[in-house]
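Turn this into a model:
(2 chains)
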Protein chains: 2
Amino acid sequence: MSGPDADTGAEVLSTTDGWGVFTHGSKALRGYLRRLRAGGLRALGRPAIVAEGPAWAVVDGDSALGMVTSVFAMTTAIGKARQAGVGYVGVRNSSHFGAAGYYASLAARDGLIGLAMANDIPSVAAPGSRAAVTGSNPLAYAVPAGKHPPLMLDMSIATVAGGKVYAARERGEPIPATWLIGEDGLPTDDPASYPEHSVLTPAAAHKGFGLALLIESLAGCLTGAATTWQIRSWLAGDPALPTGHGAAFLALDCAAMGDDLPGRVDQLIDEVHAAPTAPGTERLIVPGEIEWQRFAAAQVHRIPLPSDVLASLRESAEIAGLDLGGYLAPSLGRDGIGPGERHNLAYDI
Amino acid sequence: MSGPDADTGAEVLSTTDGWGVFTHGSKALRGYLRRLRAGGLRALGRPAIVAEGPAWAVVDGDSALGMVTSVFAMTTAIGKARQAGVGYVGVRNSSHFGAAGYYASLAARDGLIGLAMANDIPSVAAPGSRAAVTGSNPLAYAVPAGKHPPLMLDMSIATVAGGKVYAARERGEPIPATWLIGEDGLPTDDPASYPEHSVLTPAAAHKGFGLALLIESLAGCLTGAATTWQIRSWLAGDPALPTGHGAAFLALDCAAMGDDLPGRVDQLIDEVHAAPTAPGTERLIVPGEIEWQRFAAAQVHRIPLPSDVLASLRESAEIAGLDLGGYLAPSLGRDGIGPGERHNLAYDI
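Residues are numbered from 1 along each chain as shown, chains lettered A, B, ... in the order given. As a prediction, the model looks like this:
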C-alpha cells in the first residue's frame, strides 16, 4: 500500500483500540493482510467519485482497504455538507470498514454531525426466521458538543455484534442465551456454534430488523453495492475475491444552520449526568463517554491490549514478515493498567 | 382552521387509522381540539421557513397543528432533495405530529427515501436511571419499492410507544413487565402507573437510549426547538400553552443517484419473503407490509375502529359541537370485519 493509505488504516485501527473497542481495531489487521496478499483487497486500489450532485456522491471503492475508502467517502460527505448543508455519500466495492464510529467521529471533529453505516453478509435473523436474513449492519453517529467530547454511538442492529461472539469463542466463554438463535430455531449460549450453526438475533426484534433494511437500502440498494447474500465474507471464503460491501455516510453542517448546537448538546449531556439513578448506578453515562475516557487515558498510558489482540498482531507480523521484537511488551490484560505503570504497558508499538 | 389545513389533519389521521395504527390516528383528535380551543395550538398558525440553504431548511411551526407543520416541512425537504439530492428540514415550535411514518411515506410516494423523527417530553428511562431521561422520540423511514409497497418502519425508541400503554390502560389490560420501570427502579405490569409513577424502558437498552439522543440532537438541539423537560405535554398540563416540540425530516432523491433502487428493494423484499421460517411462522413480513395490507382493505371495506377510538371521536364531536348522528355506526371491534359486511362497518364518517 502507499504510505498515506497505510497511515489511514493504522490511524483508524489504533483509534478504535484507543476507544477500547478491540473487536474492531488492530485485531482485524490479520484478516485484511490475508486479503491484501491474495488480491481480494487491492493494495493500490483508489476510491473515486463515480456520480455526484450538490449534496451527494456515489464512490466506487475499487476494492481498496475499507478504511481508505471510508475516510475518502466521509471526507467527501463533509465537503458536500460545507457547501450544501447536508452531504450523503454512498459507497460500492468497499470491504469491511472496522468501527463505523470512527467515520462519524471525523465529522464531529470538524464540528459537523456525522452518521456512518454499512451492509454485510447476512448473520442476523429476522423476527420469525430460523436463518440469517440481514447483516449485522452497523450504524454509528457522532454529534459535536462544546465542553464535553462528542456524543458517539456505534451500534450493530443485532443484539450484539458478531465480533463479540468471536471474542467470547476465542476466550472460551459462554454467552447470554439471548444473543444467538440455533438452526433449530432455539436460543443457544454456545459461541462456537456461530456462524456455522447459529445466527445473531436482531436488537429489539422488529426494530433492529427494520433498521437493518434501512441501512441495506442506503448502503446497498442505493449505491450499486452488493447486498445480503451477494456480499462475500471478509473473514472466510476465497481471499482472492473482493467482498463487494456497501456503505453510506451522512454529514450535517450544524454551524451553517445557526443555532448553538454544541452548547445545547452540552446541556443535554449535563441533564443526563444529573438524572436520578437506580440502585447500583452511581451516575448515568452518555454514548461514547467511556470510549473518550479510554482514548484520553491511552494518550498518557498507552493501550492495554487483550491477549487475543496481541496474538492476532503477532500473526499479522508473521504474514507481513516483520520481526516485532521489542515492539510488543507482555500484555497485562484488559484491566492491568494504571498510572505510573507506563513501562509495563502492552501497546508499545 | 382553514379548509386546507383541516384537510391535511384529516388526511394524516385517517391514513394512520387506515394502517391500523389506532394509537396515533383520529383518537388523538380529542386532545388536539382541546388545545386548539384553549390556544396552545394556533388554529390559524402558519409554518414558515426561517433559515435555509441548498439542501436544508429550518421551519418555525408557529404552534400550528403538528400535521400541518410536518407536511409543510417534509414537502420542503422533498423539494430540496429534488434540487440537491438530499434535503434536511428541522422544525421548532411544532406540536405532537401523530405517526412519524406518514411523513416518511410522503417521500416514498414521490419516489424518494424519507425519514421523520421528533422529540417529546421525557417518558423513557436511560440504562441505570429510575426516572425518565428522554422522550419516546419516534423514528420512521419509508423506502420506495417497485412492485411492492414501500418499506415503512415507524418505531419509538422505547420498548413500546406510550400510546400502547394508554390503550392498554383504557382497555383495562395488563402489560408485559418489560415495558415500564416503576419509580422504585423495578419493573411493573400495571399500565395505570404510567406516566405518574413509572417510565418506559428504552428499546435494546443503550441502543434505544443512544438513538433517542441522536433524534433529540437532530429534532431539538439543531432546530432551536424545546428539548426534553422544556417540552410541554400535548395531553396534560395547561392547554393554553404551546408544547414547543421539535422534529426533523430527511429526504434522499434516489432517482437522481442513478441506480435502480425500486427494483433492488423489490429483490430485497422477495428475499425476506423466501427466508426459512421458525416453527409457527408461515412467511416473514417486511416493515410496513401489514399496514399497507390494512390500508388496501380499508379502501374497500372501510376502517374497523376499536371502541376506544369511537369513544374518543364522540368526545371530539362534543367538543366541536357536532352531531355525529348516523356518521358512526356501532363498532364491530378490531377484528369484526370481513368481505361482504360493508354495511356493518364502524368507520362510516
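
Got the confidence number for the nearest residue to residue A:171 once chain neighbours are set aside?
Among residues not flanking residue A:171 along the chain, residue A:308 sits closest, at 6.6 Å (C-beta to C-beta, 6 or more residues apart in numbering or on different chains). In this view, the C-beta of every residue, glycine as well, is placed from N, C-alpha and C. We note a pLDDT of 88 for residue A:308 in this prediction.

anything in the helix or strand containing residue A:293 sitting right up against chain B?
Of the helices and strands defined by DSSP states H and E, residue A:293 is found in helix A:289-301. No. Using C-beta under 8 Å from any C-beta of the partner chain, helix A:289-301 stays clear of chain B, coming no nearer than 10.4 Å.

Show me what counts as buried in that helix.
A:289, A:291-292, A:294-295, A:297-298, A:301 (16 or more other C-beta atoms under 10 Å in any protein chain shown).

As JSON lines, those with distance to residue A:8 and pLDDT would be great.
JSON lines is the format used below for the buried residues of helix A:289-301 (distance: C-beta to C-beta, whole Å; pLDDT from 0 to 100):
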{"residue": "A:289", "distance to residue A:8": "26", "pLDDT": "97"}
{"residue": "A:291", "distance to residue A:8": "20", "pLDDT": "97"}
{"residue": "A:292", "distance to residue A:8": "21", "pLDDT": "97"}
{"residue": "A:294", "distance to residue A:8": "22", "pLDDT": "97"}
{"residue": "A:295", "distance to residue A:8": "18", "pLDDT": "97"}
{"residue": "A:297", "distance to residue A:8": "24", "pLDDT": "96"}
{"residue": "A:298", "distance to residue A:8": "19", "pLDDT": "95"}
{"residue": "A:301", "distance to residue A:8": "25", "pLDDT": "91"}
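
Report the two of the residues you listed separated the most.
Greatest spacing in the buried residues of helix A:289-301, by C-beta to C-beta: A:289 and A:301 (18.2 Å).

Chain B contacts on the stretch 51-200 of chain A?
Residues of the stretch 51-200 of chain A lying close to chain B by C-beta under 8 Å from any C-beta are A:51, A:53-56, A:58, A:83-88, A:90, A:113, A:126-131, A:133, A:141, A:143, A:151, A:153, A:155, A:159, A:181, A:185.

May I see the buried residues of the strand or helix carrying residue A:309?
Residue A:309 is located in helix A:307-320, with elements delineated by DSSP H and E. Of all the residues in helix A:307-320, those buried under the rule 16+ other C-beta under 10 Å are A:308-310, A:312-313, A:315-317.

repeat for stretch A:267-274
Within stretch A:267-274, the residues that qualify as buried are A:267-269, A:271-272, counting by 16+ other C-beta under 10 Å.

again, but for stretch A:8-26
Buried, per 16+ other C-beta under 10 Å, within stretch A:8-26: A:8-9, A:12-26.

Counting only strands, which of those residues make the cut?
Among these, none falls in strands (DSSP state E).

Let me know the distance separating residue A:144 from residue A:113.
Using C-beta to C-beta, to the nearest Å, one gets 7 Å for the distance from residue A:144 to residue A:113.

cool, and residue A:91?
As judged by C-beta to C-beta, residue A:91 and residue A:113 stand 19 Å apart.

low-confidence ranges in chain A?
A:259, A:329-349 (pLDDT under 70).

What segments of it are helices?
For chain A, applying DSSP state H gives helices covering A:3-18, A:29-38, A:66-84, A:100-109, A:162-171, A:206-216, A:261-273, A:289-301, A:307-320.

Throw these into JSON lines and include distance to residue B:208, thanks.
Output for the helices of chain A, formatted as JSON lines (distance: least, C-beta to C-beta, whole Å):
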{"stretch": "helix A:3-18", "distance to residue B:208": "24"}
{"stretch": "helix A:29-38", "distance to residue B:208": "31"}
{"stretch": "helix A:66-84", "distance to residue B:208": "25"}
{"stretch": "helix A:100-109", "distance to residue B:208": "17"}
{"stretch": "helix A:162-171", "distance to residue B:208": "18"}
{"stretch": "helix A:206-216", "distance to residue B:208": "8"}
{"stretch": "helix A:261-273", "distance to residue B:208": "14"}
{"stretch": "helix A:289-301", "distance to residue B:208": "17"}
{"stretch": "helix A:307-320", "distance to residue B:208": "30"}
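
Indicate which one of these is closest to residue B:190.
Here helix A:206-216 is closest among the helices of chain A (C-beta to C-beta), at 24.1 Å.

What angle do helix B:206-216 and the closest one make with each other?
On the basis of axes from the mean of the first three to the mean of the last three C-alpha atoms, to 10 degrees, helix A:206-216 is oriented at 60 degrees to helix B:206-216.

by contact count, what packs against helix A:206-216?
Judged by 3 or more C-beta pairs under 8 Å, 6 or more residues apart in numbering or on different chains; DSSP states H and E, the packing partners of helix A:206-216 are strand A:124-125, strand A:132-134, strand A:138-143, strand B:138-143, strand B:151-156, helix B:261-273.

swap the cut-off to 6 Å and go again
The contact analysis (3 or more C-beta pairs under 6 Å, 6 or more residues apart in numbering or on different chains; DSSP states H and E) places helix A:206-216 against strand B:151-156.

Measure how far the strand it packs on is from the centre of its chain, please.
Distance, stretch centre to chain centre, for strand B:151-156: 9 Å (C-alpha atoms, centre = their mean, to the nearest Å).

who touches that strand?
A:207, A:210, A:213, B:99-101, B:105, B:136, B:138-143, B:286-288 (C-beta atoms under 6 Å, 6 or more residues apart in numbering or on different chains).

swap in stretch A:159-170?
In contact with stretch A:159-170 (C-beta under 6 Å, 6+ apart) are residues A:23, A:123, A:136, A:175, A:178-179, A:191-192, A:194, A:201, A:203, A:308.

do the same with stretch A:101-113
The contact list for stretch A:101-113 (C-beta under 6 Å, 6+ apart) reads A:12, A:15, A:70, A:74, A:78, A:81, A:114-116, A:140-144, A:150, A:152, A:154, A:249, A:251-255.

at 7 Å instead, please
With C-beta atoms under 7 Å, 6 or more residues apart in numbering or on different chains as the test, stretch A:101-113 has contacts from A:12, A:15-16, A:70, A:74, A:78, A:81, A:114-116, A:140-144, A:150, A:152, A:154, A:249, A:251-255, B:217.

ok, residue A:115 touching residue A:141?
Yes. Residue A:115 lies in contact with residue A:141 (C-beta atoms under 7 Å); the separation is 4.8 Å.

between those two, who's got more neighbours?
Shown here are residue A:115 and residue A:141; by other C-beta atoms under 10 Å in any protein chain shown, residue A:141 has more neighbours (30 against 25).

Beta-bridge partners for that one, please?
Note on residue A:141: beta-bridge partners residue A:115, residue A:153, judged by DSSP bridges.

if I look at it, how far off is residue B:12?
Residue A:141 is 28 Å from residue B:12, by C-beta to C-beta.

before we move on, the earlier item: name the nearest of the contacts of stretch A:159-170 relative to chain B.
Set against chain B, the nearest of the contacts of stretch A:159-170 by C-beta to the nearest C-beta is residue A:203 (4.0 Å).

List the residues that contact the closest one.
A:157-159, B:204, B:207.

same check, this time on residue A:149
By C-beta under 7 Å, 6+ apart, the neighbours of residue A:149 are A:288, A:292.

if we go to 10 Å?
When the contact criterion is C-beta atoms under 10 Å, 6 or more residues apart in numbering or on different chains, the partners of residue A:149 are A:105, A:108, A:142, A:269, A:286, A:288-289, A:291-293, A:295-296.

Done for today, thanks.
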